[in-house]
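Enquirer: Please work out how this folds:
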Amino acid sequence: MEAAQIFTIARKELRDRLRNRWVLAVALVFTVLAIVIAYFGGAQQGAVGLRSIEFTIASLVSLVIYLIPLIALLLGFDAIVGERERGSLNLLLSLPITRPELLLGKYLGLAAALTISTLGGFGLVALLLAGQIGAAGLVPYAGFMASSVLLGLAFLSLAVMLSVLATDRTRASGLAIGLWFFFVLVFDLLLLGALVATGGQAGAAWFPYLLLFNPADVFRVLNVFSLDDVRTLYGLSSIVPAALAKPWLMGLVMLGWIAAPLGIASWRFRP
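Expert: The predicted model follows:
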């Protein structure tokens, strides 16, 4: 693969998203929701306003788990199948570019757009927090932003894989929504239901390791164990063993969630 070809496709994808104001729109959504949740997240306890960095991260983790996977899936579900339906895929492949270069270029361009919107959206909250707790206290928040980017890239990779596997945009969009429901809503309910149904006797030992099969749960564990107070707020310290409570390990698992679907997509996209 030639890097020049890949980056040419990536720049085109990024320019398209910048031109249609997609990046700006998503960044504004992230900014508004992040500020609202960070500022009014303690309203149920009778307090409003920016609170500790631990409380802010704990509040924003729930927002990210629901919102970023959905945005990433909607962004990438038609990356390949959309080109095929418009009849432009054969035209692109007639150019001096290989299929892996096209696939990776599209992914990198979409990933750049998603990363810019994510960092831009949460950046204003970082500025507000810096005025309250100082720049030195923002290290955990920077880790939260980085993990949010990784979560988005993991679901974007899944979206590109669906785009290669699906035969049309309708099926691709349906699969994308179904994947969001499964990982964000259904997966944890199935695990908890199995534990409750068996009285906690079956699967209690390997339950924490099943969380690794869901990138949303990997993101949650990664942030919950970043700070002791966040860990207490979520109450997962007694569930997740110390062997998994390592940010670098969860980061590697998230990278695996980015690489594996892309590898499957590249394999299926071969002529």
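Enquirer: Run through this structure and note the low-pLDDT ranges.
Expert: By pLDDT under 70, the weakly predicted segments of the chain are 40-52, 133-137, 198-205, 225-245.
Enquirer: longest helix anywhere in it?
Expert: helix 99-133 (DSSP state H).
Enquirer: Which residue, neighbours along the chain excluded, lies closest to Ser107?
Expert: For the record, residue 107 is Tyr, not Ser. In space, and not counting its chain neighbours, Tyr107 is closest to Val160: 5.3 Å by Cβ to Cβ, 6 or more residues apart in numbering. (Each C-beta comes from the backbone N, C-alpha and C, glycine too.)
Enquirer: which residue ranges form the helices in the stretch 1-150 of the chain?
Expert: Assigned by DSSP state H, counting those that start in this stretch, the stretch 1-150 of the chain shows helices spanning 3-19, 22-40, 53-76, 81-86, 89-93, 99-133, 139-165.
Enquirer: which secondary structure elements does the last one contact?
Expert: Applying 3 or more Cβ pairs under 8 Å, 6 or more residues apart in numbering; DSSP states H and E, one finds that helix 139-165 contacts helix 53-76, helix 81-86, helix 99-133, helix 169-180, helix 215-224, helix 247-268.
Enquirer: Include distance to Phe187 and mean neighbour count when you put the ones you listed into JSON lines, please.
Expert: Putting the helices and strands packed on helix 139-165 into JSON lines (distance: least, Cβ to Cβ, whole Å; neighbours: other Cβ atoms under 10 Å) gives the following:
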{"stretch": "helix 53-76", "distance to Phe187": "11", "mean neighbour count": "21"}
{"stretch": "helix 81-86", "distance to Phe187": "25", "mean neighbour count": "16"}
{"stretch": "helix 99-133", "distance to Phe187": "22", "mean neighbour count": "20"}
{"stretch": "helix 169-180", "distance to Phe187": "10", "mean neighbour count": "18"}
{"stretch": "helix 215-224", "distance to Phe187": "7", "mean neighbour count": "25"}
{"stretch": "helix 247-268", "distance to Phe187": "13", "mean neighbour count": "17"}
